[in-house]
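J.: Predicted model, plus sequence, below.
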Number of protein chains: 2
Amino acid sequence: MALIVQKYGGTSVATVAHLDNVARKIIATREKGHDVVVVVSAMGHETDRLDDLARQVGVTPETLREVDVLLSTGEQVTTALLSMVLVNQGCRARSYTGGQVKILTDSSHTKARILDIECERLQAGLDSGVVAIVAGFQGVDEQGRITTLGRGGSDTTAVALAAALGADECQIYTDVDGVYTTDPRVVDSARCLERLTFEEMLELASLGSGVLHTRAVEFASKYKVPIRVLSSFNDSKGTLITSEDDSGMEQPIISGIAFTRDEAKLTVMGVKDIPGIASKILGPISDANIEVDMIVQNVAADMSTDFTFTVSRNDYDQALLVLKNVATQIDAREISGDNKIAKVSLVGVGMRSHAGVATKMFRTLASESINIQMISTSEIKISVVIDEKYLELAVRALHAAFELE
Amino acid sequence: MALIVQKYGGTSVATVAHLDNVARKIIATREKGHDVVVVVSAMGHETDRLDDLARQVGVTPETLREVDVLLSTGEQVTTALLSMVLVNQGCRARSYTGGQVKILTDSSHTKARILDIECERLQAGLDSGVVAIVAGFQGVDEQGRITTLGRGGSDTTAVALAAALGADECQIYTDVDGVYTTDPRVVDSARCLERLTFEEMLELASLGSGVLHTRAVEFASKYKVPIRVLSSFNDSKGTLITSEDDSGMEQPIISGIAFTRDEAKLTVMGVKDIPGIASKILGPISDANIEVDMIVQNVAADMSTDFTFTVSRNDYDQALLVLKNVATQIDAREISGDNKIAKVSLVGVGMRSHAGVATKMFRTLASESINIQMISTSEIKISVVIDEKYLELAVRALHAAFELE
């Protein structure tokens, strides 16, 4: 007998009809003799509906506290309805709001962080034989005010509960079968991974695989909670994500290929190679609330260098405007940019101990006559920026070259 | 400086646009220097929407606990949005769920009774200068589970809070100007009453005036909380409802005329005049979940009597069926019925000390050639059953005769 935490997201609980399917999965887990804690998101477009009500009234920093009171009702509705479905099918179940559990957070409304989880009431419920249905995405602060956790909040609730309860596994149900070697819409032969490390998942998640929120993965990694990403619409085994040490198997060199379209790059040319120049360029960019992704600066030649970074394509025009201002101030030679680029990244813990991954990547791209515009590496990731029009070609070629089929 | 509890019902908070009007009234009260606690219902058709979700899933005695978790979100949404509107208009406000207050109830889900209200947190909020916006209709039981109070719940919440906080007045905002001498749709010259006693309000409410729930009036009467019924759509003074002793004025003889259509009467004729016969007739009726309103039995002649009672017209056919069975068992002579009747009631505490009210009522009806089919009296009420087609005529004639214009 194990303790399993299961999280069902918005698409898994889209309508009342979907709840029957979720109940079936919960009851199946229960019948294997496991204790089950379920974390649910708001149904279908409920959060959008509540967001729209808030916007009609006017969201300001002063009203964020009440926005949380409003938004938290979405998950509460799901907990009640799912509990009813379970009870009607003869399975004892009970709903819990974040406050009832209680999930203690700081007071950063709409983006609160979990500080502590009191497990007594939940554990008492489990001990009495009920399935606990917990509202995701919400908590209460020390004053007893309702808070919400922001994006990816329900994933984080599930992982935090699993950590606090010492659960054996945290199952994240989504609308995909698990984590793939790359996007199956681009590469037909993309394969669902059996297992993955937290680090790999972090690189894949932040690069846009989008099945699991970065914050939840970080949390799971910190508390060593095994996560399984799987589909709520079939009975496949999904992808198990654990710390590297948990796996006795030899790691494959590359686990997956992530990519993002909608990138843009900006280059400041002829920048003086003196201390503080990078912050003089990026300071105004971040002041303008533009997020920077890759940053590349090569060694200087003739006391001057070129400084390049990428931003989301939506921010390209504004970033260019900011840079033109900056260029004058720092006496740079020229500004150039390109908003038709894409980023492709190889991710894998095996990379650490295998030389030649980069070489093989660059050779593969060269053999398809794809020019590499920027390169950036981390311990378990290599990213390149290429012309957007070659994106699919690059991903397919790399997927084949690294034998991910 | 006074402490005012204000309650805004579903029609007063029907849409986000309505909330501006409610905020205006709250701020006006605040600007007079009063502390304000506001109780709100769910917006517009929100409760219907949630009810529909519950029905889709299946409401059973076992799921009522979760129905309460579901329904309670409706009022929570209103508290959040109204608080946001107030804050955006520069008025400090804070929302409270029933559990946050906390409003302690028994565990009779969907029809819980309030046991106690802890005022500390609410009072602390008021002391710090905020307007407290409390979700009506809900509480928590001793296990911390969410409960709802059933029909008229928000009125009850408002009165109970006013009692617990020692408020100076409990204002119930509705879509009418106050309590009228009779229905203005029937009598053009019907007049909004300035004041009324709890007892009169009880008789008027239960007879269908429908502006204030009986349960809330009983509560107010018990704890002597002055209630003011008034419109959220204009600035009229409304109707003040207090215990009789509070009024120095001489009471008018009659305060109002209530009436109900949609009644039906049933008579069992030739019933033996022996103990227990009434329960033999009414037992099977109540077993069939039919509510009985008036019951009239006259003194016996020749050892037998006629037994008459009224029911809602919807229940007429079923009641007749039940009675036919009963008649055989108790050896009654005959069953008769009429589903085209109406009830008219005069209500007024002044009746106690003034003889002749009944005489004047009967004479007025006789002068219009209206036949009285049944009569029933209480200390402050006289009700008669008449042919439905004379209802408007009777109400207008009585309204004029008792000088209610």
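T.: Yes, it's here. Numbering: from 1, shown residues only, chains lettered A, B, ... in the order given.

J.: so how far is A:A163 from A:T97?
T.: 20 Å (CB to CB, to the nearest Å). Any C-beta I mention is one placed from the backbone N, CA and C, and that applies to glycine too.

J.: Same drill for these two, tell me which one is more crowded.
T.: Remark: of A:T97 and A:A163, A:T97 carries more neighbours, 27 against 19, as counted by other CB atoms under 10 Å in any protein chain shown.

J.: residues touching that one, list them.
T.: A:S72, A:Q76, A:T79, A:A135, A:Q138, B:V69, B:I146 (CB atoms under 8 Å, 6 or more residues apart in numbering or on different chains).

J.: what separates the first one from chain B, distance-wise?
T.: The spacing between A:S72 and chain B, counted by CB to the nearest CB, to the nearest Å, is 8 Å.

J.: That residue: which element?
T.: helix A:64-88 (DSSP states H and E).

J.: right, and the helix or strand after that helix?
T.: Using DSSP H and E, the helix or strand that directly follows helix A:64-88 along the chain is strand A:93-96.

J.: Quick one: distance of the helix or strand just after that next one to the chain centre.
T.: Next along the chain after strand A:93-96, taking DSSP H and E as the criterion, comes helix A:98-101. Offset of helix A:98-101 from its chain centre (CA atoms, centre = their mean, to the nearest Å): 25 Å.

J.: tell me which element A:E199 is part of?
T.: For A:E199, the element it lies in under DSSP H and E is helix A:198-204.

J.: Can you name the residues in contact with that helix?
T.: So helix A:198-204 is contacted by A:179, A:196, A:212, A:214, A:217-218, A:220-221, A:227, A:241-244, A:255-256, A:258, A:345, A:347-349, A:378, A:380-381 (CB under 8 Å, 6+ apart).

J.: and these, which are buried?
T.: Listed as buried from the contacts of helix A:198-204 are A:179, A:196, A:212, A:214, A:217-218, A:220-221, A:227, A:241-242, A:255-256, A:258, A:345, A:347-349, A:380-381; burial here means 16 or more other CB atoms under 10 Å in any protein chain shown.

J.: can you count the residues close to the closest residue to A:V292 other than its chain neighbours?
T.: In this structure, A:V292 finds its nearest non-sequential neighbour in A:F309, 5.0 Å apart by CB to CB, 6 or more residues apart in numbering or on different chains. By other CB under 10 Å, 23 other residues sit near A:F309.

J.: Mind checking what secondary structure A:F309 has?
T.: Here A:F309 is recorded as strand under DSSP: H, G, I helix; E, B strand; the rest coil.

J.: if I look at it, how far off is chain B?
T.: 38 Å.

J.: residue ranges of the helices in the stretch 101-250 of chain A, please?
T.: Assigned by DSSP state H, counting those that start in this stretch, the helices in the stretch 101-250 of chain A fall at A:120-127, A:153-165, A:198-204, A:214-223.

J.: okay, the closest residue to A:G144 other than its chain neighbours: pLDDT?
T.: Nearest residue to A:G144 in three dimensions, chain neighbours excluded: B:Q100, at 6.1 Å (CB to CB, 6+ apart). pLDDT recorded at B:Q100 is 96.

J.: give the contact list for the nearest residue to A:K224 once chain neighbours are set aside.
T.: Spatial nearest neighbour of A:K224, chain neighbours left out: A:S243 (5.6 Å); criterion: CB to CB, 6+ apart. Each residue near A:S243 by CB under 8 Å, 6+ apart is listed here: A:T197, A:F198, A:S221, A:K224.

J.: where's A:S243 relative to chain B, distance?
T.: For A:S243, the distance to chain B (CB to the nearest CB) stands at 36 Å.

J.: who's in contact with stretch A:212-226?
T.: A:151-152, A:155-156, A:158-160, A:162-163, A:167-170, A:172, A:174, A:179, A:198-199, A:201-202, A:205-206, A:227, A:229, A:240-243, A:246.
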